[in-house]
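**Q** Return a 3D structure for these sequence lines:
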Amino acid sequence: MEVIKTALEGVVIIEPCVFADARGYFFESFSQKEFEEKVYKTTFVQDNESKSSYGVLRGLHFQKPPFAQSKLVRVVQGAVLDVAVDIRKGSPTFGQHVAVELTAGNHRQFFVPRGFAHGFVVLSEEVVFQYKCDNFYAPQSEGALAWDDPDLAIDWQVPADKILLSEKDKVHVRLKDADWLFDYKEDMYRSIKMTENEI
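**A** Sure thing, here's the model as predicted:
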């Protein structure tokens, strides 16, 4: 697999090696060994799948420690615009985002580490979206940001009047009003300690 770095530290696009012939195609959608060698050492503990129609926007979500999650996301039917936002206070890219189009045809995956808010909007008539998490769902630890925060300036590529939201996603706060965010220095310290412990 090829790992493509983005403007946000730790957020990467993954392109698998696809073997295609007259019968169709084959690729490894995930290898723990290769993922840890090329991306990040973690253990995924939960797989999720959602089905959505055009204009459905889910996000921008995260979980607070000790239930923070990294996510490895992909599309198996249709197309989405997938977005990660840096919400680590003190980070040189705080408040910045990366957006990538994930489709069933391009087979791309998007890795969103802990410390980032995540969301996607459906660009196709319908989408089936899958993702792995390295921590279990903990509703008491949910956090989220407003999808249309003007300070984030995300171009969702779908007209605002076509966006479909859950009731919860309609009322999230802007980044500047968030009462809890990740701490970049603390997260960096934890990463350093983890590396030391692994040696």
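
**Q** Identify the residue spatially nearest to Asp148, adjacent ones excluded.
**A** Ala160 (7.2 Å; CB to CB, 6 or more residues apart in numbering). (Glycine included, C-beta is placed from N, CA and C.)

**Q** Let me know how buried that neighbour is, in neighbour terms.
**A** Here the number of neighbours of Ala160 (other CB atoms under 10 Å) works out to 9.

**Q** Make sure it is actually in contact with Val121.
**A** No - taking CB atoms under 8 Å as the definition, Ala160 is not a contact partner of Val121, at 10.9 Å.

**Q** who touches stretch 152-167?
**A** 53-58, 81, 83, 85, 95, 97, 99, 121-123, 145, 147-148, 175 (CB atoms under 8 Å, 6 or more residues apart in numbering).

**Q** distance of Ile4 from Ile87?
**A** Separation of Ile4 from Ile87 (CB to CB, to the nearest Å) stands at 22 Å.

**Q** Looking only at neighbour counts, state which of those two leads.
**A** Neighbours per residue (other CB under 10 Å) separate Ile4 from Ile87, with Ile87 holding more: 22 against 11.

**Q** mind checking pLDDT for the more buried one?
**A** pLDDT recorded at Ile87 is 96.

**Q** so what's it up against?
**A** 62, 94-95, 115-117, 145, 175, 178, 181-182.

**Q** And for Lys5?
**A** Val12.

**Q** and what of Asn48?
**A** Contact partners of Asn48, counting by CB under 8 Å, 6+ apart, are 130-133.

**Q** Which helix or which strand is home to it?
**A** In the assignment (DSSP states H and E), Asn48 maps to strand 46-53.

**Q** Same question for that strand: list its buried residues.
**A** Ser52 (16 or more other CB atoms under 10 Å).

**Q** Export only the CA atoms of the helix or strand following it, formatted as PDB.
**A** Beyond strand 46-53 on the C-terminal side, the first helix or strand identified by DSSP H and E is strand 57-63. Only the C-alpha atoms of strand 57-63 are listed here, as PDB (Å, rounded to 0.1, in the frame of the first residue of the first chain):
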ATOM      1  CA  LEU A  57     -23.500  14.900   6.500                       C
ATOM      2  CA  ARG A  58     -22.200  13.200   9.600                       C
ATOM      3  CA  GLY A  59     -19.900  15.200  11.800                       C
ATOM      4  CA  LEU A  60     -17.700  16.700  12.900                       C
ATOM      5  CA  HIS A  61     -17.300  14.100  15.700                       C
ATOM      6  CA  PHE A  62     -14.700  13.000  18.100                       C
ATOM      7  CA  GLN A  63     -14.500  11.200  21.500                       C
END
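
**Q** burial measure for Ala153, as a count.
**A** The number of residues packed near Ala153 is 10, by other CB under 10 Å.

**Q** Could you measure from it over to Gln96?
**A** 10 Å.
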